[in-house]
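Colleague: what follows is a predicted protein model with its sequence.
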Amino acid sequence: MGLLAGSTVMLITVVWGSCVFIGKCDIENNIAVDNKDTKKLSLTGSGVTTDTLTKYSAIIMAVSVIPFIVVQLPQLLSSTYLRQLAVLIGLVLSLALLISYCMYQVFQPWIQRRRLAYAKHKHVISGLLKDLKKRALGRLLHDNGELNEEVVEKLFDTIDMNRDKHLSLSELRALMVGIRFDEIELDKDDAADKVMKDFDTSHDSQISLREFKAGIQKWLNEAKHAGNSTSYSGSRTEKILDDFHEQTKKEHQLIVRGEEQSDEVVEGVDNPKKTSIKAGLMLLAGTLIAAAFADPLVDAVDNFSDATSIPTFFISFIALPLATNSSEAVSAIIFASRKKKRTASLTFSELYGAVTMNNVLCLSVFLALVYVRGLTWDFSAEVLVIVIVCVVMGVFGGLRTTFPLWTTSIAYLLYPFSLVLVYVLDYIFGWS
């Protein structure tokens with residue numbers, strides 16, 4: 001357990017901070033500029049930027065510690081039955097998270113396409129609302145936040161070119177031609193279809209005045225909630241629409257750049273079935289090798305500790321993680337050194353993914369052994385450290401996409417904090 005905790009902590013603290021330091025570029029408009037590093041050691045003006053998928057990977061990493069918490073809580077009780085039950089529940093939960101994480105990786109391209117479609121939909125909303133605000137001879141909303149129906153009716157009449165009291169798809173397309181969606185490549189016909197789909201609640205392929213009012217109100221409410229605005233008076237309409245427009249534009253750019261993060265050309269697989277079987281056999285072989293050498297490794301650590309008088313804590317928590325994490329660390333640092341957003345995203349996604357697999361796969365195997373053999377779960381200090389580090393770095397990585405150089409201090413400080421915490425709890429307070 002010490003090796004698992006040490007490996008997780010080292011990856012998400014020391015290696016994470018080193019990747020930010022090595023991959024730093026100049027930050028302009030809160031985004032790191034590729035291959036531009038003129039600000040050197042500026043704590044706020046230099047750093048790295050990742051894509052939105054990397055944010056989700058960080059959040060998934062934080063969620064993956066839930067089985068640790070489930071297993072640990074009943075250990076505070078004296079009931080042996082509850083402790084064994086907690087181990088079983090933790091095992092089932094960790095296996096469920098492992099399967100869910102694997103499924104997420106399989107369906108990630110589809111999810112990404114759905115996110116891109118939603119981002120484009122939000123751009124249609126923001127672009128149309130801004131255009132209608134410019135056309136309106138007055139405020140779209142009254143000061144009390146209610147829809148200004150008189151202004152909306154005039155807008156409807158402006159768009160309704162044939163004066164039949166309904167908006168057709170061709171009239172919506174004519175409206176879209178005059179709207180600028182900034183630098184976003186958006187098909188005008190597709191945008192008109194999105195408006196028709198949102199507004200046409202009667203499904204008669206045309207929009208009545210009542211549906212137009214309801215659709216405008218719904219979109220304005222969506223802009224309000226996206227901007228976390230508590231009050232939405234007519235006097236603040238323009239500012240909220242501007243903020244909503246900038247937010248949707250940024251979200252779209254992050255998703256598009258995420259799709260372009262790979263330099264390699266994806267080639268088709270000649271024989272998918274054969275490749276899948278080969279991959280499965282290699283995974284099985286690796287698992288058998290790890291199982292065969294697990295006990296000898298533990299014995300070697302104990303014997304080395306006895307021979308050198310070095311505490312097993314130091315070997316399992318510091319020395320062994322240096323060896324087991326060497327491949328991930330070297331790979332991450334090489335990618336980070338290219339100083340590009342797409343390689344930075346790949347770097348941190350790899351780190352978050354490695355920690356997530358540590359938390360769900362390794363814990364599943366460990367809990368299975370504890371439950372089957374009836375062993376005692378006695379790893380409170382290690383569990384506490386894993387939970388603290390993963391939650392702190394997971395929430396931190398999930399709340400932002402740009403990491404200035406000062407963020408490395410948080411990662412670097414967490415490593416000695418973890419070592420001291422485990423040592424104090426184990427050797428001074430006798431938690432294990």
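Modeller: That came through, no problem.

Colleague: check what pLDDT Leu351 gets.
Modeller: Confidence at Leu351, expressed as pLDDT, is 90.

Colleague: then the one 4 residues further on?
Modeller: According to the predicted model, the pLDDT of Val355 comes to 91.

Colleague: from Ala368, how far out is it?
Modeller: 20 Å (CB to CB, to the nearest Å). Backbone N, C-alpha and C define where each C-beta goes, glycine included.

Colleague: more crowded one of the two?
Modeller: Here Val355 and Ala368 are compared on neighbour count by other CB atoms under 10 Å; more neighbours surround Val355, at 30 against 15.

Colleague: now do the contacts for that one.
Modeller: With contact taken as CB atoms under 8 Å, 6 or more residues apart in numbering, Val355 is in contact with Thr8, Leu11, Ile12, Met61, Ser64, Cys390.

Colleague: now with 6 Å, please.
Modeller: Contact partners of Val355, counting by CB atoms under 6 Å, 6 or more residues apart in numbering, are Thr8, Leu11, Ile12, Met61.

Colleague: can you count the residues close to the last one?
Modeller: This points to Met61. Neighbours of Met61 under the rule other CB under 10 Å: 29.

Colleague: what's in contact with the strand or helix carrying it?
Modeller: Using DSSP states H and E, Met61 sits within helix 52-63. Where contact means CB under 6 Å, 6+ apart, the residues beyond helix 52-63 that reach it are 254-255, 258, 345, 348-349, 352, 355-356, 390-391, 394-395, 397-398.

Colleague: what of stretch 2-22?
Modeller: For stretch 2-22, contacts defined as CB under 6 Å, 6+ apart pick out 48, 316-317, 320-321, 324-325, 329, 332-333, 336-337, 347, 351, 354-355, 358, 362, 382, 385-386, 389, 393, 403, 408, 411-412, 414-415, 418.

Colleague: would you mind checking the residues you listed for buried ones?
Modeller: Among the contacts of stretch 2-22, those buried by neighbour count (16 or more other CB atoms under 10 Å) are 48, 316-317, 320-321, 324-325, 329, 332-333, 336, 347, 351, 354-355, 358, 362, 382, 385-386, 389, 393, 403, 408, 411-412, 414-415, 418.

Colleague: rewinding a little: would a markdown table of the contacts of Val355 with secondary structure, distance to Glu150 and pLDDT be doable?
Modeller: Below are the contacts of Val355 laid out as a markdown table (DSSP: H, G, I helix; E, B strand; the rest coil; distance: CB to CB, whole Å; pLDDT from 0 to 100):
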| residue | secondary structure | distance to Glu150 | pLDDT |
| --- | --- | --- | --- |
| Thr8 | helix | 61 | 88 |
| Leu11 | helix | 61 | 90 |
| Ile12 | helix | 57 | 91 |
| Met61 | helix | 52 | 93 |
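
Colleague: just the buried subset of those residues, written out for PyMOL, thanks.
Modeller: Under the burial definition 16+ other CB under 10 Å, those of the contacts of Val355 that qualify are selected in PyMOL by:
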select buried, resi 8+11+12+61
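
Colleague: nearest to Thr80 among the contacts of Val355?
Modeller: Comparing these against Thr80 with CB to CB places Thr8 closest, at 28.2 Å.

Colleague: what about Leu283, how many residues nearby?
Modeller: For Leu283, the count of nearby residues is 10 (other CB under 10 Å).

Colleague: oh, I was asking about Lys278
Modeller: For Lys278, using other CB under 10 Å, the count is 11.

Colleague: now the following helix or strand past the helix holding Met61, how far from the centre of its chain.
Modeller: Remark: after helix 52-63, the chain's next helix or strand is helix 66-72, criterion DSSP H and E. A distance of 22 Å separates the C-alpha centroid of helix 66-72 from that of its chain, computed with CA atoms, centre = their mean, to the nearest Å.

Colleague: which elements pack onto helix 66-72?
Modeller: Packing partners of helix 66-72 (3 or more CB pairs under 6 Å, 6 or more residues apart in numbering; DSSP states H and E): helix 80-135, helix 380-398.

Colleague: immediately after the helix or strand bottoming out on mean pLDDT in the chain, which helix or strand?
Modeller: Sorting the helices and strands of the chain by mean pLDDT, DSSP states H and E puts helix 237-259 at the bottom, at a mean of 63. Next along the chain after helix 237-259, taking DSSP H and E as the criterion, comes helix 272-308.

Colleague: got the buried residues for that next one?
Modeller: For helix 272-308, by 16+ other CB under 10 Å, it's Val301, Ser305.

Colleague: what about the stretch 101-250 of the chain, any weak spots by pLDDT?
Modeller: 108-123, 135-138, 143-145, 178-187, 226-242, 245-247, 249-250 (pLDDT under 70).

Colleague: give the buried residues for the helix holding Met61.
Modeller: Neighbour-count burial for helix 52-63, counted by 16+ other CB under 10 Å, picks out Thr52, Leu53, Thr54, Lys55, Tyr56, Ser57, Ala58, Ile60, Met61, Ala62, Val63.

Colleague: mind putting those in JSON lines, distance to Lys224 included?
Modeller: Listed next are those as JSON lines, based on distance: CB to CB, whole Å:
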{"residue": "Thr52", "distance to Lys224": "23"}
{"residue": "Leu53", "distance to Lys224": "27"}
{"residue": "Thr54", "distance to Lys224": "29"}
{"residue": "Lys55", "distance to Lys224": "24"}
{"residue": "Tyr56", "distance to Lys224": "25"}
{"residue": "Ser57", "distance to Lys224": "30"}
{"residue": "Ala58", "distance to Lys224": "28"}
{"residue": "Ile60", "distance to Lys224": "30"}
{"residue": "Met61", "distance to Lys224": "32"}
{"residue": "Ala62", "distance to Lys224": "29"}
{"residue": "Val63", "distance to Lys224": "29"}
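
Colleague: alright, I will stop here.
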